[in-house]
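Colleague: make a model of this:
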Amino acid sequence: MAKPKKKTIITVATTGAWPKKENNPNVPMTPSEIADDIYACWKAGAAIAHIHMRDDDGNGVMDPAKFAETVKLLHERYPECDIIINMTTSGDIHADDEIRVQHVRDLKPEMASYDCGSMNWLNSGLFINSPQFLENCGLLFQEVGTKPEIEAFDPGMIGNAAYYIKKGVLKTPVHFQFCMGCANGIPGTMKNLIFMKETAEELVGKDNFTWSCFGVGHSAMEMLYGAVALGGHIRVGMEDNVMYARGQLADCNAQFVERAVRVIKEYGNDVATPDEAREMLGLK
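Modeller: Have a look, this model is predicted:
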């Protein structure tokens, strides 16, 4: 009897805080555009949607009303869409700690990002995730039943996660998102992806985490293939890349999802449905 195929989860990061229409006119920006885009990506095979909000000028904003409007539109327009909503807590580096989590407190999403350390962001500013913020954020997530997606931009952030697991701020099994190829973060290479995975195994324990990754820019395809080959999950979307290929702007986020589906199936895995992803991530 044949062994069941491994399930690979696709997360789509539709918008992010940076790319604007001038970078790619197809980036969804408004709650209406984002809701429609999430639905198209769900139909294409995404199990998780990682979402950011934008203000009227297209800048990243942590506006609880916009998060609520996006989710409301998605559910009203597409009641059949059971995609997992994963909300950012870092859509505006100028937002204070309270506004960064207010939408999580209000909406209680199934998942939300947990950026496990501070760094210089894109050589232009400070991305601060203080010890106090990380402790308060982790405890809030436990209170409202939201699963942290632990975004790790370098191995030190995996070490931070291990510390907060010991303190009880994070509960195992945790879910890592290895953020590869970001400016001032770890470069997106296979060698470094293996190192991130092995670091998590050493510090957290092989049975105590699941993981996904994405690659920014030219490292996107290497990380896509690498994640599938190493047994992880994958994130794609215009938050990380506005180009589908060299010299070719992406038509839509679903285009990235469709390619990820092809890679996963060619490798011999199956694409996880949202409910299968819930089971794998302990959301049920």
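Colleague: so where do the helices sit in the stretch 1-150 of the chain?
Modeller: 31-44, 64-77, 97-107, 131-144 (DSSP state H, counting those that start in this stretch).
Colleague: please identify the most buried of those helices.
Modeller: Comparing the helices of the stretch 1-150 of the chain by mean neighbour count (mean count of other Cβ atoms under 10 Å), helix 31-44 ranks first with a mean of 22. Heads up, the C-betas are built off the backbone N, CA and C, glycines and all.
Colleague: which residues are contacting that one?
Modeller: 12, 14-15, 28, 46, 49, 51, 53, 66, 69-71, 73-74, 77-78, 81-83, 237, 252-254, 257-258, 261, 274 (Cβ atoms under 8 Å, 6 or more residues apart in numbering).
Colleague: how close does the residue positioned nearest the centre of the chain sit to residue 143?
Modeller: With distances taken as Cα atoms, centre = their mean, residue 50 lies nearest the centre of the chain, 5.0 Å away. Distance, residue 50 to residue 143, by Cβ to Cβ, to the nearest Å: 21 Å.
Colleague: got phi/psi on residue 63?
Modeller: phi -110, psi 110 (degrees, to the nearest 10).
Colleague: could you report the neighbour count for it?
Modeller: For residue 63, the count of nearby residues is 19 (other Cβ atoms under 10 Å).
Colleague: got the contact list for the residue nearest to it when sequence neighbours are not counted?
Modeller: Residue nearest to residue 63 in three dimensions, not counting chain neighbours: residue 53, with 5.4 Å by Cβ to Cβ, 6 or more residues apart in numbering. Neighbouring residues of residue 53 by Cβ under 8 Å, 6+ apart: 15, 31, 34, 60-63, 66-67, 70, 91.
Colleague: pLDDT below threshold where in the stretch 51-200 of the chain?
Modeller: Along the stretch 51-200 of the chain, segments meeting pLDDT under 70 are nowhere present.
Colleague: and which of the contacts of residue 53 is nearest to residue 99?
Modeller: residue 62 (4.9 Å; Cβ to Cβ).
Colleague: go ahead and confirm that closest one touches residue 93.
Modeller: No. The criterion here is Cβ atoms under 8 Å, and residue 62 misses it with residue 93 at 10.1 Å.
Colleague: just the strands from the stretch 101-250 of the chain, written as ranges.
Modeller: Here the stretch 101-250 of the chain has its strands, by DSSP state E, counting those that start in this stretch, at 111-115, 119-121, 125-127, 147-152, 174-180, 209-215, 233-236, 243-245, 248-249.
Colleague: next, format those strands as JSON lines and append mean neighbour count and distance to residue 194.
Modeller: Converted to JSON lines, the strands of the stretch 101-250 of the chain look like this (neighbours: other Cβ atoms under 10 Å; distance: least, Cβ to Cβ, whole Å):
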{"stretch": "strand 111-115", "mean neighbour count": "26", "distance to residue 194": "22"}
{"stretch": "strand 119-121", "mean neighbour count": "16", "distance to residue 194": "22"}
{"stretch": "strand 125-127", "mean neighbour count": "12", "distance to residue 194": "25"}
{"stretch": "strand 147-152", "mean neighbour count": "25", "distance to residue 194": "14"}
{"stretch": "strand 174-180", "mean neighbour count": "26", "distance to residue 194": "10"}
{"stretch": "strand 209-215", "mean neighbour count": "24", "distance to residue 194": "11"}
{"stretch": "strand 233-236", "mean neighbour count": "26", "distance to residue 194": "16"}
{"stretch": "strand 243-245", "mean neighbour count": "15", "distance to residue 194": "25"}
{"stretch": "strand 248-249", "mean neighbour count": "12", "distance to residue 194": "29"}
